[in-house]
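> Okay, here's the prediction I keep looking at, along with the sequence it came from:
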There are 2 protein chains.
Amino acid sequence: MLTDRQLFILQAIVDGYIHSAEPVGSRSLSKQSGMSYSPATLRNEMADLEEMGFLEKPHSSSGRIPSERGYRHYVDHLLLPHQLSSREIHDLRSLFARKVMETEQVVKQSATILSELTSYASIVLGPEIFESKLKQVQIIPLNDRTAVAILVTDTGHVENHTVSLPEALKSSDLEKIANILNDRLRGVPLYQLQNKITTEVAGLLRQHVTNYREALSFTEETLQKSSEEKVYYGGKANLLSQPEFKDVDKVRMIFELLEEDHTMHELLKPEQSGLMIRIGQENANQAFEDCSIISASYSFNGNPVGTISIVGPTRMEYPRVIGLIEHLSRDLSKVLTNLYTDLY
Amino acid sequence: MLTDRQLFILQAIVDGYIHSAEPVGSRSLSKQSGMSYSPATLRNEMADLEEMGFLEKPHSSSGRIPSERGYRHYVDHLLLPHQLSSREIHDLRSLFARKVMETEQVVKQSATILSELTSYASIVLGPEIFESKLKQVQIIPLNDRTAVAILVTDTGHVENHTVSLPEALKSSDLEKIANILNDRLRGVPLYQLQNKITTEVAGLLRQHVTNYREALSFTEETLQKSSEEKVYYGGKANLLSQPEFKDVDKVRMIFELLEEDHTMHELLKPEQSGLMIRIGQENANQAFEDCSIISASYSFNGNPVGTISIVGPTRMEYPRVIGLIEHLSRDLSKVLTNLYTDLY
DNA sequence: TTTAGCACTCGGATATCCGGAGTGCTAACA
DNA sequence: TGTTAGCACTCCGGATATCCGAGTGCTAAA
């Protein structure tokens, strides 16, 4: 495998390229502080590293840049843990400073702050409310045709939508329906609500409400979960400052993809918990072939419910981004869990 | 002023440039169908139009392009009303097809559809809930430290946030507080809520709740309006297909501005109702100097509560965009008003 | 007043040149 | 045997020159 010296040189080249965006040549590398080898020696080692697939040359007489494999090795074996600056820590903390907060706000802000700190683009998913349990249902008639249905979960999430009100249902019926739902469905995970309508609710409705048919379909509408996937973006414009994205056509593909919330959700949804790093082609997506994506999930009560991610060029400041993302995902998990978990 | 012939030529040049993005020369203009003048004649007229400031030349021996004044004149006096295609009408209608809907969803989708139909970028400002009136307050404790406060308005908007629960307040206190608020504040416009706390609510709290101090500050938190401005974007990536935005630096400024929700809100908030067209420098913003913005407000019960806008290059398909925007803003206003207005 | 003719302009595409940073290879050296 | 100096070679990128074509303004004729 690789000698220590080769590892050292690989690391120096990746670091150098990450910061300069220019291919690294033997001469400039040799002049770098801490590098005690002559250009010729370095050239030999660099040729070997290239042969093994860790480096490549944009053209035959240029310096070396890391290949994807080079980055991968760097990320897996050479990464120095990054110490967050106090500025960074302070900025992350500020997210949770407010007393009154909406989870949605916090998550949205996370995206913004993350992109500001990294100067890459950030994508934050979630939190998923799939598994959270119904706490309360409210049906509030606004006028004779329209009502608002509100579902509150144990995670403090409030889901609401406007439903049309069948003429046949009187307001006393609405109250009965709401009572039945609260009675029978409290504690039921949202994804089971539709099931429970037939198994538990339908019978009761038939018994207690005159217009059974309207009541049932109204109930179904009321409990309909918004299938909306929550995807928040921050700092997409940052990508335009990166030298690798000077070409509009390349960047257009990326931006188009970044507007497809559904695709992005599929790409980033929290599967395994922990950190995930995808470099270049590993993204299995044409548009991201020059990008790396680093993501981490955050969790509520130990279950991953969302992810925070950074998209940047493959030439990304991996150590710093990883440090930030890990820190923030821990904080997010902690705050969510603290806020919404029963202590007893 | 301008002769009929000059108007006709100006119109032909603007139309031509809008569709080709290339400066229009006398020769090609003369060959255009319906144009019965020789290149030389056109050159004379074009020189006159340039002297009057309606046209300009990118360089001394190129064809003409419209100046901002030229576009302005085109928009104000030459615009042919555009007939929407049935495809366009169908797409717009699909927005309102669902039975269960959230206003927020509809508004968000408007942005997407608008940008797809125009292939420019769209910005939609959400319905302001400033003036809408409180319908109901709910306080739902989640655990011993946290509660969810829910405000429902007569426009079907549901505002919610997580508030921390002072230990001193028992759940019976919460109920009392909720009752007082519902009793006293129903029908009060949201922007007056904070006022009413001191004038109406504080006294009652002192009478009925033991821990007056905590109760009061808790109430204030409960009624805090989220100062969030709702700004939705669609199809920003479309801008990258426009030939005038091939230069990344130019486009970066635009994208950065488009990420500042607050600035965009200031720029586009519904002041006068009706259509607004801002061409190039009229936007009074460096980043938008090569853009035009067309916006129209939509209203609820006759009050403008939001706007829908299109951002594109100054070389924009004004007739089509105006047609689409006017149509959609009318539809939006109609639907909102129908859904949430009492008939009696 | 309109048009044809003509000399002129300028941008953009293409070709050519040149310097510099970098490489690989060979041979000398520790 | 591993390291280093030397050298010829490569290739990119910027600068310069050239050419072509679309378009213009002006003048003079219709």
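Done, it's in.

> CA only for contacts and neighbour counts going forward, please
Fine.

> Next to chain B, which bits of the stretch 51-200 of chain A? Give me the list.
Within reach of chain B by Cα under 8 Å from any Cα of the partner chain, the stretch 51-200 of chain A has these residues: A:99-103, A:142-148, A:154-156, A:158, A:160-164.

> what does the stretch 51-200 of chain A have sitting close to DNA strand C?
A:60-64 (Cα under 7 Å from any atom of the strand).

> Weed out the non-buried ones from those residues.
A:63-64 (16 or more other Cα atoms under 10 Å in any protein chain shown).

> any chance of the residues of the stretch 51-200 of chain A next to DNA strand C in CSV, with pLDDT too?
Formatted as CSV, these follow (pLDDT from 0 to 100):
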residue, pLDDT
A:S60, 90
A:S61, 90
A:S62, 92
A:G63, 93
A:R64, 97
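
> Strands - which of the residues of the stretch 51-200 of chain A next to DNA strand C land there?
Counting by DSSP state E, these place none of their members in strands.

> Can you narrow the residues of the stretch 51-200 of chain A next to DNA strand C down to the ones near DNA strand D?
Near DNA strand D, by the rule Cα under 7 Å from any atom of the strand, you find A:60-61 out of those.

> Generate a ChimeraX selection restricted to the buried entries among the residues of the stretch 51-200 of chain A next to chain B.
In ChimeraX, a selection of the buried entries from these looks like this (16+ other Cα under 10 Å):
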select /A:100,101,102,103,142,143,144,145,146,147,148,154,155,156,158,160,161,162,163,164
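
> which residues are in contact with the helix or strand A:A178 falls within?
Using DSSP states H and E, A:A178 falls within helix A:171-185. Contacts with helix A:171-185, where a contact means Cα atoms under 8 Å, 6 or more residues apart in numbering or on different chains, come from A:134-139, A:141, A:193, A:196, A:200-201, A:204-205, A:208-209, A:215, A:219.

> From these, which land in helices?
Using DSSP state H, the members of those that fall in helices are A:193, A:196, A:204-205, A:208, A:215, A:219.

> secondary structure class for A:S299?
On the three-state scheme (DSSP: H, G, I helix; E, B strand; the rest coil), A:S299 is labelled strand.

> A:P304 against A:A296, yeah?
No: counting by Cα atoms under 8 Å, A:P304 does not reach A:A296; the two are 9.6 Å apart.

> got the buried residues for stretch A:124-139?
Those would be A:124-129, A:132-139, for stretch A:124-139 by 16+ other Cα under 10 Å.

> before we move on, the earlier item: more neighbours: which of A:P304 and A:A296?
It is A:A296, of A:P304 and A:A296, that has more neighbours when counted by other Cα atoms under 10 Å in any protein chain shown, with 29 against 21.

> is that one in a bridge, and if so with what?
Assessed by DSSP bridges, A:A296 has beta-bridge partners A:L275, A:I308.

> if we can go back for a sec, nearest to DNA strand D among the ones in helices among the contacts of helix A:171-185?
Of all the ones in helices among the contacts of helix A:171-185, the one sitting nearest DNA strand D is A:L193; the distance, using Cα to the nearest atom of the strand, is 59.2 Å.

> and the one helix or strand A:E256 maps to, which residues are buried?
Using DSSP H and E, A:E256 sits within helix A:248-258. By neighbour count with 16+ other Cα under 10 Å, helix A:248-258 contains the buried residues A:248, A:250-252, A:254-255, A:257-258.

> Spatially nearest residue to A:I150 (excluding sequence neighbours)?
Among residues not flanking A:I150 along the chain, A:N160 sits closest, at 4.4 Å (Cα to Cα, 6 or more residues apart in numbering or on different chains).

> any idea how far that neighbour is from A:E45?
63 Å (Cα to Cα, to the nearest Å).

> cool, and A:A111?
From A:A111 to A:E45 the distance is 41 Å (Cα to Cα).

> These two - which one has more neighbours?
Legend: neighbour count by other Cα under 10 Å for A:A111 and A:E45, higher for A:A111 (23 against 18).

> what pairs with the nearest residue to that one once chain neighbours are set aside across the strands?
Leaving aside its sequence neighbours, A:A111 sits nearest to A:G234 (Cα to Cα, 6+ apart; 4.9 Å). As for beta bridges, A:G234 partners with A:S122 under DSSP bridges.

> on that earlier part again, just the residues of the stretch 51-200 of chain A next to chain B: which are in strands?
Using DSSP E, these in strands are A:146-148, A:158, A:160-164.

> contacting residues around the residue lying closest to A:S38 once chain neighbours are set aside?
The spatially closest residue to A:S38, leaving aside those adjacent along the chain, is A:S30, at 5.8 Å (Cα to Cα, 6+ apart). For A:S30, the contacting residues are A:36-39, A:42, by Cα under 8 Å, 6+ apart.

> so which strand or helix has A:S30?
Going by DSSP H and E, A:S30 is in helix A:26-31.

> Tell me the one of the residues of the stretch 51-200 of chain A next to DNA strand C nearest B:T314?
The nearest member of these to B:T314, counting by Cα to Cα, is A:S62 at 42.5 Å.

> Just the buried ones from the contacts of A:S30?
Using 16+ other Cα under 10 Å, the buried members of these are A:37, A:39, A:42.
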